[in-house]
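Sequence unavailable; structure follows:
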């Protein structure tokens, strides 16, 4: 029997890989640096067999840990370093990121050959404006209709042919084409979507205005070839649709009634076979005689509940105070809200764009924003709290 003798630097490959398999990646790098033969075996043999908890996972973990400490403005630059970082940031890290650290109230605007994305960062209570270096020229004739989850839904402006809609992520430069709308007589009034467009349960809703029919509602999923259209019943008779939001599988429509300063709630359950919208006739008078001014009405989902925010102003651009109402589904009625618990409501209000809103949960370090309203608009950024028993939200001193 012949004894096999090996140099200390030339052990059998299986033994070297067995040792390497017990090392964390930090030590594995040093292990591979011993000599060229070890380095070849480690990187060309061992890493092909190593468990998913090896280099790719470790690098992803480290990148996500660093990314979690960055504001979104810096995160965009961080993701631009290389393709692999960009994939990890947008496909892994953002799925774990707190809603309050996502680009709240994002807006996309094309003007004079400049593509710009703006968003509000609540952590510093500031809006950021980023010029996009990689742009999609085909979007120069589109305007934003809604934004959430880092995506915008854009509609073509000044289009005499059939209306066109797309979903666009300005950070990854991705576009998802939506089905062509059939009628050239339609104009898009509202559009929104329920979840990140890359999720299989995402549903897109568009509200069209048609001269003869009044309002037409269409729904589809990204990847669909056609829209599914729904009858709107009494929409035309009841008034103008102010806002649309999504709650527990149901689209909710806030309709400003023909009655002075009253609103009606309509709902559409996308899971049902019926292609019609139910009118709940849940009317509420939101401005009494003593409240003669209301700048806007906003419908928002907050922690599984439906809220109506009323901005009170006395002229000018700055909100003076707020009232918030919660919808009671059993009684089909609205009641004043005296607190938001761990929620924070964030609104943007601009002259050239419809007001948009978002409600986010707070925890840990972000709990300092709980039970507050933030308004970012023409008059700057202001925060409001409810300190009285009558449900009036006033500006913080």
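Looks like it came in fine. Given the structure is predicted, the values throughout are model-derived calculations rather than measurements.

Tell me where the model's unsure across the stretch 201-350 of the chain.
Applying pLDDT under 70 to the stretch 201-350 of the chain picks out residues 210-214, 231-239, 257-262, 272-295, 312-319, 348-350.

Go ahead and confirm residue 79 touches residue 85.
Yes - using CB atoms under 8 Å, residue 79 is in contact with residue 85, at 5.8 Å. The way it works is simple: take the backbone N, C-alpha and C, and place the C-beta from them, glycine included.

who's more crowded, the two?
Taking neighbours as other CB atoms under 10 Å, residue 79 and residue 85 compare with residue 79 leading, 22 against 18.

Next, residue 326: phi, psi?
Residue 326 adopts backbone torsions of phi -110, psi 140, taken as degrees, to the nearest 10.

residues in contact with the nearest residue to it once chain neighbours are set aside?
Leaving aside its sequence neighbours, residue 326 sits nearest to residue 337 (CB to CB, 6 or more residues apart in numbering; 5.1 Å). Neighbouring residues of residue 337 by CB atoms under 8 Å, 6 or more residues apart in numbering: 307, 324, 325, 326, 386, 391.

List the ones among those residues that fall in strands.
Among the contacts of residue 337, the members falling in strands (DSSP state E) are 307, 324, 325, 326, 386.

which of the residues you listed lies closest to residue 169?
Nearest to residue 169 out of the ones in strands among the contacts of residue 337 is residue 307 (CB to CB; 27.6 Å).

so residue 323 bridges to which residues?
When bridges are called by DSSP bridges, residue 323 pairs up with residue 310, residue 392.

Run a quick neighbour tally on it.
Neighbours of residue 323 under the rule other CB under 10 Å: 20.

swap in residue 358?
23.

which one is it nearest to, not counting chain neighbours?
Spatial nearest neighbour of residue 358, chain neighbours left out: residue 346 (5.2 Å); criterion: CB to CB, 6+ apart.

my read: that neighbour touches residue 362, true?
No - at 11.2 Å, residue 346 does not count as touching residue 362 under the criterion of CB under 8 Å.

hmm, back to that, could you flag which of the contacts of residue 337 are buried?
Neighbour counting with 16 or more other CB atoms under 10 Å marks 307, 324, 325, 326, 386 as buried within the contacts of residue 337.

The last one: what's its closest spatial neighbour, skipping adjacent residues?
Right, the one you point to is residue 386. Spatial nearest neighbour of residue 386, excluding adjacent residues (CB to CB, 6+ apart): residue 393 at 4.7 Å.

isn't the one you found right next to residue 385, touching?
Yes - between residue 393 and residue 385 a contact is recorded at 6.5 Å, counting by CB under 8 Å.

between the two, what contacts are shared?
Here residue 393 and residue 385 have residue 373 as joint contacts, going by CB under 8 Å, 6+ apart.

Give me the more crowded residue out of the two.
residue 393 (27 against 16).

what residues are up against the more buried one?
Applying CB under 8 Å, 6+ apart to residue 393 gives the contacts 321, 322, 323, 324, 373, 384, 385, 386.

Let me see the contact set for residue 325.
Counting by CB under 8 Å, 6+ apart, residue 325 has contacts 284, 286, 307, 308, 309, 310, 334, 335, 336, 337.

from memory the fifth one sits against residue 326, does it?
The reference is to residue 309. No - judged on CB under 8 Å, residue 309 makes no contact with residue 326 at a distance of 10.7 Å.

For the contacts of residue 325, pick the one with the most neighbours.
Most neighbours among the contacts of residue 325, by other CB under 10 Å: residue 309, with 25 neighbours.

Can you tell me, leaving aside adjacent residues, what's nearest to it?
Spatial nearest neighbour of residue 309, chain neighbours left out: residue 298 (4.4 Å); criterion: CB to CB, 6+ apart.

packing partners for the helix or strand harbouring the one you found?
Assigned by DSSP states H and E, residue 298 belongs to strand 296-302. Counting contacts by 3 or more CB pairs under 8 Å, 6 or more residues apart in numbering; DSSP states H and E, strand 296-302 is packed against strand 239-247, strand 250-257, strand 305-312, strand 343-350, strand 353-361.

Residue 90: which of the ones you listed is closest?
Residue 90 lies closest to strand 353-361 among the helices and strands packed on strand 296-302, at 19.6 Å (CB to CB).

Give the rounded mean pLDDT of that closest one.
Averaging pLDDT along strand 353-361 yields 66.

when you give positions from now on, start the count at 26
Understood, numbering begins at 26; the last thing we discussed is strand 378-386.

Tell me which helix or strand comes right after it.
Using DSSP H and E, the next helix or strand after strand 378-386 towards the C-terminus is strand 397-402.
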